[in-house]
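>>> next comes the sequence, and after it the predicted model I'd like to discuss.
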Amino acid sequence: MCKIILLIVVLFPAILFGQSTKKVTDKDKHEVYYVLKSDKTIRQGSYNKSGWNGKPLIDGYYKNGMKDSIWTFYDNSGQVNQKYDYIKKEFIFEKADTAGSNDLWPVIKGSDTIKTKLDKHPNYIGGSNVLYQFLADNLDYPDSAKDLNKMGTVKIIFTVDKNGKAINHRVIQHVYPCLDREAMRVVKLLPNEWEPAILNGEKVDASYTLPIRFVLR
C-alpha cells in the first residue's frame, strides 16, 4: 500500500506540469509558440520569433503564461544582442551599446528635470530591434488618415522609472488627431519591460522618447 501511495505522490507533479500543448504558428507576426490545449490563452513551452528579414529575433520559453528561464534576443544581423534571465530578473549578456553614450538625458528628480550624462541610459529588455518590431506588428494605420493622405512622425515621451516601468506618456510632436491616438495606443501596449537608467551607480527615473512613423506607400 505504501508503494502505491508513493507512486501516486511521485506521478502527480508530472501529470500537473506535463499538460498537453498545441503548437501555434502566426505567419503575420512570424511567431511560433505553444498553448495549453485546456486553455488556449495560456502559453506553455518554447517561443520563437523572426524579424521582417527572416533572421531570428527572439528565442524564449513560457511557463504557465509567464516568460521563464533565459531568453535570447538578436540584432538585425541575427547576432545575439541580449540574454535575459526571467527567473533572476537580470541580464546574463548584453552587447555594449555606445550609441548616445555622450548624450545628455532628462533625469527626473521630484518635480525637477535635469539633463545629465548617465552611466547607462534606459534600455528595453530585448533591445531596440525587438521594441520596434513589436510596434510595427501592432500598429494600425487609421483609414480616416489614409483617406486624407495624412503622414508624419508622432513622438511620444514617457518616464522609465527606477522600477523599470513606463509611466506618464504624452505626445510631444503631433501629426493628426487619429494618428496621435494610434501612436499613443501602441506605445502603451508595449510590454512594460525596461531596464532603468543608472546615474552614479544608482537607478533613476529618466525620460524616453519614441518616434512613431506613419508612411503611406
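The structure has been received and is ready for your questions. Residues are numbered from 1 along each chain as shown.
>>> pretty sure V187 is in contact with I212, am I right?
Yes - if you go by C-beta atoms under 8 Å, V187 and I212 touch, sitting 6.8 Å apart. For glycine as for every other residue, the C-beta is placed from the backbone atoms N, C-alpha and C.
>>> tell me which of the two has more neighbours.
I212 (24 against 21; other C-beta atoms under 10 Å).
>>> about what we covered before: any common contacting residues for V187 and I212?
L135, I156 (C-beta atoms under 8 Å, 6 or more residues apart in numbering).
>>> need the contact list for the most centrally placed residue in the chain.
The residue lying closest to the centre of the chain (C-alpha atoms, centre = their mean) is P191, at 4.8 Å. Each residue near P191 by C-beta under 8 Å, 6+ apart is listed here: F134.
>>> and it, what's its pLDDT?
As predicted, P191 sits at a pLDDT of 94.
>>> secondary structure element for it?
P191 is part of no helix or strand, with elements assigned from DSSP states H and E.
>>> could you list the domains of this protein?
As assigned by automatic domain parsing, the chain contains the domains 19-95, 97-217.
>>> three-state assignment of the spatially closest residue to T25 that is not a sequence neighbour?
Take T25 and drop its neighbours on the chain: the residue closest to it by C-beta to C-beta, 6 or more residues apart in numbering is V32, 5.2 Å away. Here V32 is recorded as strand under DSSP: H, G, I helix; E, B strand; the rest coil.
>>> does V32 have beta-bridge partners, and which?
On the basis of DSSP bridges, V32 is bridged to T25, N48.
>>> with the one 4 residues further on instead?
Beta bridges link L36 to T21, judged by DSSP bridges.
>>> just give me the neighbour total for it.
L36: 17 neighbours (other C-beta under 10 Å).
>>> that one: what's it in contact with?
L36 neighbours (C-beta under 8 Å, 6+ apart): Q19, S20, T21, K22, I42, Q44.
>>> any idea how far the residue nearest to T25 is from L131?
Going from V32 to L131 by C-beta to C-beta, to the nearest Å gives 21 Å.
>>> now do Y84
Following C-beta to C-beta, the distance that separates Y84 from L131 is 14 Å.
>>> swap in S69?
With C-beta to C-beta as the criterion, S69 and L131 are 21 Å apart.
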